[in-house]
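K.L.:
Okay, sequence plus prediction incoming.
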Amino acid sequence: MRFVKTYNDFKLDCKLELKPGTITALIGCNGSGKTTLFKLYLGLIEDDDKHTNQVNKEEIGVVWNDSSFSLVLNVLEIKKILMYSYKHFDCDYFDFMLSRFELDPKKPLKEYSTGMLSKLKIIIATSLHAKTLLLDEPTSGLDVIARNEVLDLLRDYMEQNEETSILISSHIASDLEGLCDEFYFIEKGKIILCEQDLESYALLKGADETVDLSYALKKIGMTYLTNERQFYVENYPNLVIEKAHIDDLMEYMIKGETV
């Protein structure tokens, strides 16, 4: 799908494909266009042609970082709302996950911690058995143990729902690297990189004139980013070669000088 939206001096224009059975990461700095793309996908705003994506609420589960039910409600009351709103809402799964994460269904949300609220939102989204899940910073506010629990939940969910696709954004790069199958890097409303295999990327340090840099993509100072890691491992045993993580890719693709 192609998404186009202009706001004064900012224009988003990018294509995004969510494949069944795939968890896709949307990675970008603040203001890069991630939230705008989410809203366009959900049909919450019009594109530049005054078209609004017509989505079926039964087919999409959403987790917004800054949204929640009224804090005066408890989970039992929320469950009733979900039962009436979504015909595919899975009560048994919902109750099981509440027990798994030790969330008290009788306690009002105002007594929940930030981490507990984050877990609840993930449980709600996965209880809908939607075809697509859009997750905006789903692990925000969680400690390491709780984050790993949520990530395991998503892995288990995908194993049991092979036709589902997930689009997830997060500032915690390690979460995405260990979870996602495909990675879209967005900057200033444009997709600057779409990749499935991050293992082929590396940082080359200390390269001199004897090193063939024709496979280098970007550089900052005297450190080079390449997507041909194996070539340099096999041909330059004395070269310092480090794994390039998501944060490195963002930095070099945005700030790096083209080689």
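P.N.:
Great, that's in hand.
K.L.:
residues touching residue 7, list them.
P.N.:
Residues in contact with residue 7, defined by C-beta atoms under 8 Å, 6 or more residues apart in numbering, are residue 36. In short, each C-beta sits where N, CA and C put it, glycine included.
K.L.:
hey, what's it bridged with?
P.N.:
Beta bridges link residue 7 to residue 10, judged by DSSP bridges.
K.L.:
what pLDDT does it get?
P.N.:
pLDDT recorded at residue 7 is 92.
K.L.:
Report the mean per-residue pLDDT for the longest helix along the chain.
P.N.:
Of all segments of type helix in the chain, defined using DSSP state H, the longest is helix 144-160. For helix 144-160, mean pLDDT rounds to 89.
K.L.:
In the sheet, which strands lie alongside the helix or strand following it, parallel or antiparallel?
P.N.:
Proceeding C-terminally, helix 144-160 gives way to strand 165-169 as the next helix or strand, assigned by DSSP states H and E. Paired strands of strand 165-169, with direction, are strand 23-27 (parallel), strand 132-136 (parallel) (DSSP bridges).
K.L.:
Could you give the average pLDDT over the last one?
P.N.:
Computed over strand 132-136, the mean pLDDT rounds to 93.
K.L.:
next one: stretch 83-93
P.N.:
Along stretch 83-93, the predicted confidence averages to a pLDDT of 91.
K.L.:
What residues sit buried inside that stretch?
P.N.:
Under the neighbour-count criterion of 16 or more other C-beta atoms under 10 Å, stretch 83-93 has 86, 89, 93 buried.
K.L.:
List the contacts of the last one.
P.N.:
Residues counted as contacts of residue 93 (C-beta under 8 Å, 6+ apart) are 126, 127.
K.L.:
tilt between the helix or strand harbouring it and helix 144-160?
P.N.:
Secondary structure assigned from DSSP H and E places residue 93 in helix 91-100. Counting by axes from the mean of the first three to the mean of the last three C-alpha atoms, to 10 degrees, helix 91-100 points 160 degrees away from the direction of helix 144-160.
K.L.:
which stretches of this structure have low pLDDT?
P.N.:
With pLDDT under 70 as the threshold, the chain has low-confidence stretches at 54.
K.L.:
for it, which residue is closest to the average position?
P.N.:
residue 168 (2.2 Å; C-alpha atoms, centre = their mean).
K.L.:
residue contacts, that residue?
P.N.:
With contact set as C-beta under 8 Å, 6+ apart, residue 168 has these partners: 23, 24, 25, 26, 133, 134, 135, 138, 176, 179, 180.
K.L.:
give me that answer again for 10 Å
P.N.:
Residue 168 is in contact with 23-27, 63, 133-139, 151, 154, 175-176, 179-180, counting by C-beta atoms under 10 Å, 6 or more residues apart in numbering.
K.L.:
out of those residues, which are buried?
P.N.:
23-27, 63, 133-139, 151, 154, 175-176, 179-180.
K.L.:
what's the domain layout of the chain?
P.N.:
Here the domain parsing of the chain from automatic domain parsing is 2-194, 200-258.
K.L.:
Do you have the helices of the stretch 1-150 of the chain handy? List them.
P.N.:
In chain order, the stretch 1-150 of the chain shows helices spanning 34-42, 75-85, 91-100, 114-127, 144-160, with DSSP state H, counting those that start in this stretch as the criterion.
K.L.:
Adding distance to residue 242 as columns, could you present the ones you listed in CSV?
P.N.:
Supplementary listing: those in CSV, determined by distance: least, C-beta to C-beta, whole Å:
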stretch, distance to residue 242
helix 34-42, 27
helix 75-85, 45
helix 91-100, 38
helix 114-127, 32
helix 144-160, 23
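K.L.:
With respect to residue 185, which of those helices lies nearest?
P.N.:
Across the helices of the stretch 1-150 of the chain, residue 185 has its closest neighbour in helix 34-42 (10.7 Å, C-beta to C-beta).
K.L.:
which helices and strands sit right next to that closest one?
P.N.:
strand 2-7, strand 10-15, strand 23-27, strand 60-63, strand 132-136, strand 165-169, strand 182-187 (3 or more C-beta pairs under 10 Å, 6 or more residues apart in numbering; DSSP states H and E).
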